[in-house]
Each structure stands twice: as C-alpha cells, then as structure tokens.
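1. Sequence and predicted structure are below.
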Amino acid sequence: MIPLEHYLYVAGALFAIGTLGFVVRRNLLVQLMSLELLLNAVNLTLVAFNRQHQDDHTGQLFAFFVIAVAAAEAAVGLAIVLALYRLRRSVRSDEATLLKN
Amino acid sequence: MGILLATSPLLIVALGALLVMLVEAFAPKLQRGELAWATAVTLVGGALASASVWMVGTVGIPGAEALAPYLLTDRFALFFDFTICVGAALAALLAGGYLPEHGIERGEFYVLLLWSTLGAMMLAGAGDLLSLFIGLETLSLGVYAMTAFRRASPRSTEAAMKYFLLGSFAAALLLYGGALLYGATGHTDLAGIGQRIAEGTASPVLLLVATALIVAGLAFKVSAVPFHAWTPDAYEGAPTPATAFMAVVVKSAAFAMMLRVLTVALGAKATSSWGAGWSTVLAPIAVATMTYANLVAGRQSSVKRMLAYSSIAHAGYVLVGVAATVRSSGAEAQAAVLFYLLAYTVSTAGAFGALVLAGSRGAESVSYEDLAGLGRRHPAVALPFALFLFSLAGVPPTAGFFGKFYLFRAAMYAEGSFRWLVVIALLNSVVGAYYYLRVLVFMYMREPAPGAPIAKPMKSAYVTAALVACALLVLALGLAPGASLDLALLAPARG
Amino acid sequence: MLATYAPLFLLFAVAAVLVLGLFFATPLLGAKVPPNAEKMLPFECGAETTGSRHVKLSVKFYMTAILFVVFDVEAIFIYPWAIQFRTLGWVGLATMTGFLATLALALVYCWKKGALEWEH
C-alpha cells in the first residue's frame, strides 16, 4: 500500500510543474495545458486525502466536479485562443501587448 | 415548498436565464432591446425576491436549511443577492444601450450575464468549498466570454485572454488550498473546517500552506495588489457594460466569498490572529492595494482605465474592513463592508453608465480629452457623471461618503490597533479625490482642442433608466444610510 | 518487496536489449545501398508522403470536439447516482431528471444556434 504522503508529493510536484509551465511558457496552448495540470494536481490531492477520511466520498465527488468544470474552462479558454488566433495569427501570450499603461 | 421560497432569488434568475437563452435561440428576429428589458426585469425580480425572503426571515421558513451547507439562505447571502442583482440589472440596461450602438448586438450577452449572475449568487450563498468552486467558475466563465464579446476587436480578445489565464490560475490556487484544507480537516463545509481548526487537531503545516494559497487566490479575485495585474487590461479591453459587470458584480461576489471563507472557515485564532494568520497578511495587502492603485490611477489618460484602477483602490478600502472583521467588534466591520459594497455598486455602475452615455458609435468616449467641455455641451450627461464621481471620491452627502465613513469608523474602533491602517486609507481617499475631480475639470472647465475628435453622446432609454436608478440609489443611500447599515448589521456570515 | 517487481524489471531488460540490439544490428546485417532521394524521405508505412507538416484543421472539428467533451464529462455525474440509485430513491431520480433536462435544453440551444451543423 502506497502511503498518503507519496500521493501528496506527486500532486505537489504536478502543481509545481503546472505553475512553472504557466509562468515560463509563452505559448497559450501550453499555458492552457499547464492550467489543466494544476487542476489535475488538485484532483489527485483530493482523491488521496479521501483515503484518509474514509467515512464519506467527499474528496472523490469533489474531483468529479473539478473534472467537469475543467472541461468547461478548457472550452472557453480554447474559444478565446481561437478568437485571438483569428485576429493576430499567433498563439503567443507575449505578443499580446495592445493594452498597457 | 419552503425550499423553493428560500431559494427563490436564485430560481428566478436561473429560470429567467433559461428563458432568455431559449427565446434568443428560437426567435432571432426579436428586437434585442426586449432581451435587455427581460434580463433587467428578471434581475430586479431576483432582487425583490431576496428582499421578500429577508422580510419573511429564513429562520421561519421550514425546509430552508435543506440545501445547507451547499447553499445557505442566510441574511448574509440575501444581502449579497440583492446587491448582485441590482448591479447586474444595471449592467444589463447599459448593455441594452451599448451593444446596438456599437454594432455588437448579439443576444448571447444577456444569457451570459444572467448565468454569471447566478454564479455570483451561488458564491454569496456557498457554505461548502464544492458549491463555492462551482459558483466561482459559473461566474468567471461567463465573464470571460463577456469580456471577449467584441470578437472583431483585438483589444477585447486580448483582455479576455489575460483575464482568463490569470482568473483560472487564481481559481486553481484557491482550489488547491481548499483540497489541502479538506485533507487537514476532513471537511469541505466551511463550518466544519472552522470547527476542526478551532479544536486544534489539524496539521499546522497543511493549514499554513492552505491558508496562504487561499488568501492568494482570493486576492487575485478581488484584484488586490500584487495580484491585480489583469484588472486594468481586462477592464479597458472589455465592452463597457461587461466592465461595469466585472467592477460591481464580480467584486461583490468575490468579497462575499472572501468574508465567508476567512471568517467561517479560517476565523479560528490559529489562522486569524496577529503573527500567524491571514489578518497579518491582509493589512499590508490593503495598504499596498490602495496606495499603488491611487498613485497609478492619477497617471492614466483613459477614463475607463482610471476607473479600473479606482476599482482596485476601492478593493483596498474594503480590505481594511475585511482585516478588521476578525476583531471582537467584527460584526460592525462586516456590516460596513456590506454597506460599502452596495454603495460602491451603484456609484460604479453609474460612472460606467455615464461613460457609455457620453459616447456613440465610432466616437466612444474613453479618454479625458473626449470629455472636454461635456458639461457645457451635454449637461444632462455630465451632471449624473459628476454625482457618481463625487460618490466614488467619498464626498457627502452621497452613498460613497457614508460607505467610507462606516468602514473607517468600524476599523478605527476595532479591537487591536487598526488606526494606522485607517490613517493610510484616509490619506489615500484624498489622493483618490484628485483623479475623480480631474474628470470634472475636463468636463466643466476645458474646451475640446480644435479639430480633435469629439465624443457625441448616444441616446438610449436603457442607459438613461440605469443612470436615473443609480442616481436615486446613490442619493438615497447618502441621505438615509442608517437604514441600510442596520440591515447589514443583521447579516453576519455564518457557516 | 523488490521481488514483486522482478518480472517488470525483466520486461524492461528484454525490451532494452531488443531495441538496442536491432538498432545496432541493422546497419551490419542490411544491404549497403548508397543514399538516394527516395531513401531520404520520411518513412510513412510505405505510402508516398503528401502535403506539408502543418495540416490546417477546420474550425468545425473544434466546435464538435469541444461540445463533445463538455457534454461527455457531464456523464460522470450520472455514475455515482446510478450506484446509489436505491438509496437516493425518488428524490434522486427527480434531481437527476432535472439535471438531464437542463443538459437537454443546453443541447437544444446548441442545435438551434447551428453549432452542430457540419456543412456550411
């Protein structure tokens, strides 16, 4: 049986990788993927903790909702990226510089 | 039956949203203006329903607790439901004038607006991390789409992209913090979490990391410095009614979420006391937010962007109140926050409304120069604009003055010293008055430069109606503020 | 503990030997043909390569795919309800009916808006 900590370390690492990818990469699609990674790290955390609190399935159910919301979020995000691509022919976030102080 | 009555504000908005959505899809020939009316009427219905449920008293309704803790129907939620519905109705009226004028008349805007409002109301009533997250995303996803509504404009799309990326990132931070809280306490309902933390059995390391993540996520959502970077861009790029919606509805809902999470779940001594908890972090964030926003707002050439920074500054003032809620006299500070948000909602919606009214197709008014001489050319537009700016600056006898007055008074008398915070906030209000008055100087004391493009005011019954409503509310809250504050005092956040 | 994973490690070892062995063996065993234009082409199951590397996909694929994902994911909410069908009883059935009705309305909306049109 794998101890709870190991799951948490993996989830923490996933979250860190997601954050790093989100901050460092300038390709919008990669940034969207990093966001998905963040949410999946949360899912792993929730499901792992659910084993510790076994009197109900709150953690697992929560993960279901996160999955559903992640899909909706991806749909909206991709739609925005697509709209931006149509106008700019680029999916790079560092080329979005119209709005500045 | 009790449950239907208790949740009637949400049900009305949800049914209205479904109806508007289907009507818009099946009757594309329908005048879009009718959709604006339908949306506004639905939202006013939601506001009235929350007022009636308030009067009946949710304690007296059998079955009202059936959805707890996922959806609480306490007075805290009802007060925010009212504020949110009023703000959203005003934004819908602005859209009714703005969208046709600027040739982006598509009915989806109203559908998105209604669903987002429902998400905001869910957020105000959420007593569980699960419903909190769903409410937050329902609110946010709609607003991202509303920001991107002007598809042909690179600025609008770019604003939506930035807003989406940072907003989703903030939601992920908040969610990870929530997951860790669940791990530490075994509960996802805020009251249960708070109880476990008070018992002192939860792992302090997990709690610390979770609190940090949650405070960061919340600060993103209320656009507090240093998590504010998305705000000016998103506000400037979005169509003005969407900006107004963001400034009033999203902000109110985010503060409702913040208050509920911080006081109910993280309100125990271990997480909220000086030296170890969020209150320590919140005070410097409030100072940074007010000061930074006020200094930068004065240097903007676009009025829309100035109003964006002004909304950040107001978030800073509200944070002073939120930081004070943890003290023994927290109830007063919290009531002051509720009143402030209501006053801020009507003033800000009015200011954006006046900005909408001052422009027309191809001659949208965004910069200070656009407004030059407006007071002489179009006094009917300039006068309400001046009123809302006075209210935002906090000049008596407007709603904004009493908002600030109650807020600072509550922080002043809060146990433990918040005086220095109040002094900084007062200094900031003075700095803030500068850029609001600068608009007045341009409107009343400058003439447009010869040959410069002049913003022509549009004509719209919707926008006019919204402005009249805002002006009445600003004056009513300014002349008789005590009544609303007493109501706010009855609405503490519970689990 | 480690013995449990012995077959797995054996599998890895066999895979490594096979792959590396074949990789280095082919140049030794195969016939020596001088490189020509035909030989330098990317190998694509023997078929002639056509078109550029960047294939433009139509937006209609995107619309269909994203609608599929959004609706598909909602199905996970039916699963826990189905497991607890008897415990949840009529209230559960009514709730799930409401949920599915809302989804159906959303589908009707998509349909009416023309998001499901393949040809246009």
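-> All right, it came through fine.
2. so how many other residues sit close to residue C:75?
-> Residue C:75: 10 surrounding residues under other CB atoms under 10 Å in any protein chain shown. Every residue, glycine included, has its C-beta placed from N, CA and C.
3. Give me the phi and psi for it.
-> phi -60, psi -20 (degrees, to the nearest 10).
4. what about the lengthiest helix in chain A and chain B, any contact?
-> Determined from DSSP state H, the single longest helix within chain A is helix A:58-88. Yes: counting by CB under 8 Å from any CB of the partner chain, chain B has neighbours in helix A:58-88: A:58-59, A:61-62, A:65-66, A:69, A:72-73, A:76-77, A:79-81, A:83-84, A:87-88.
5. Specify the local secondary structure of the closest residue to residue B:185 other than its chain neighbours.
-> Spatial nearest neighbour of residue B:185, excluding adjacent residues (CB to CB, 6 or more residues apart in numbering or on different chains): residue B:196 at 3.8 Å. Here residue B:196 takes the helix state, with states given by DSSP: H, G, I helix; E, B strand; the rest coil.
6. okay but residue B:196 is in contact with residue B:207, surely?
-> No: taking contacts as CB atoms under 8 Å, residue B:196 lies outside contact range of residue B:207: 9.7 Å.
7. residues in contact with the residue in chain C positioned nearest to chain A?
-> Here the residue of chain C nearest chain A is residue C:73; by CB to the nearest CB that distance is 4.2 Å. By CB atoms under 8 Å, 6 or more residues apart in numbering or on different chains, the contact list for residue C:73 reads A:67-68, A:71.
8. and which of these is nearest to chain B?
-> Proximity of those to chain B was ranked by CB to the nearest CB; the top entry is residue A:68 with 8.8 Å.
9. Quick check: which element contains the residue nearest to that closest one when sequence neighbours are not counted?
-> Residue nearest to residue A:68 in three dimensions, not counting chain neighbours: residue C:73, with 5.0 Å by CB to CB, 6+ apart. Assigned by DSSP states H and E, residue C:73 belongs to helix C:59-74.
10. if we look at the helix or strand hosting residue B:25, which residues are touching it?
-> Taking DSSP H and E as the definition, residue B:25 sits inside helix B:8-26. Applying CB under 8 Å, 6+ apart, the contact partners of helix B:8-26 are B:4, B:30, B:35, B:38-39, B:41-43, B:45-47, B:49-50, B:52-53, B:71, B:78, B:81, B:85, B:107-108, B:110-111, B:114-115, B:117-118, B:121-122, B:125, C:102, C:105, C:108-109, C:112-113.
11. which element is residue 18 on?
-> This is for chain A. With elements delineated by DSSP H and E, residue A:18 resides in helix A:4-24, which encompasses its position.
12. switch to chain C, that's the one I care about
-> Per DSSP H and E: helix C:6-29 holds residue C:18.
13. what sits against the nearest residue to residue B:245 once chain neighbours are set aside?
-> Counting by CB to CB, 6+ apart, the nearest residue to residue B:245 once its immediate chain neighbours are dropped is residue B:91, at 4.0 Å. Residue B:91 makes contact with B:113, B:241-242, B:244-245, B:248-249, B:349, according to CB under 8 Å, 6+ apart.
14. and with 10 Å instead?
-> For residue B:91, the contact set (CB atoms under 10 Å, 6 or more residues apart in numbering or on different chains) comprises B:39-40, B:43, B:98, B:109, B:113, B:116-117, B:146, B:240-249, B:349, B:352-353, B:466.
15. In helices, which of these appear?
-> B:39-40, B:43, B:98, B:109, B:113, B:116-117, B:146, B:240-245, B:349, B:352-353, B:466.
16. Just the buried subset of those residues, written out for ChimeraX, thanks.
-> If you want just the buried ones from the ones in helices among the contacts of residue B:91 in ChimeraX, going by 16 or more other CB atoms under 10 Å in any protein chain shown, the selection is:
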select /B:39,40,43,98,109,113,116,117,146,240,241,242,243,244,245,349,352,353,466
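17. Now the helix holding residue B:25: average pLDDT?
-> In this model, helix B:8-26 has a mean pLDDT of 93.
18. Restrict that helix to CA atoms and write it as CSV.
-> C-alpha atoms of helix B:8-26 as CSV (Å, rounded to 0.1, in the frame of the first residue of the first chain):
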residue,chain,number,x,y,z
SER,B,8,-36.5,31.9,-4.9
PRO,B,9,-33.9,34.6,-5.8
LEU,B,10,-31.7,32.1,-7.4
LEU,B,11,-34.6,30.2,-9.0
ILE,B,12,-35.9,33.4,-10.6
VAL,B,13,-32.6,34.2,-12.1
ALA,B,14,-32.0,30.6,-13.3
LEU,B,15,-35.4,30.4,-14.9
GLY,B,16,-35.0,33.8,-16.4
ALA,B,17,-31.6,32.8,-17.8
LEU,B,18,-33.1,29.6,-19.4
LEU,B,19,-36.0,31.5,-20.8
VAL,B,20,-33.9,34.3,-22.3
MET,B,21,-31.5,31.7,-23.7
LEU,B,22,-34.2,29.8,-25.5
VAL,B,23,-36.1,32.9,-26.6
GLU,B,24,-32.9,34.2,-28.0
ALA,B,25,-32.2,31.0,-29.9
PHE,B,26,-35.7,30.4,-31.2
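19. what about the helix holding residue A:18 and chain C, touching?
-> No: applying CB under 10 Å from any CB of the partner chain, one finds helix A:4-24 out of contact with chain C, separated by at least 14.5 Å.
20. Equivalent analysis for stretch B:131-139, please.
-> No: with CB under 10 Å from any CB as the measure, stretch B:131-139 is seen stopping short of chain C, the closest distance being 11.8 Å.
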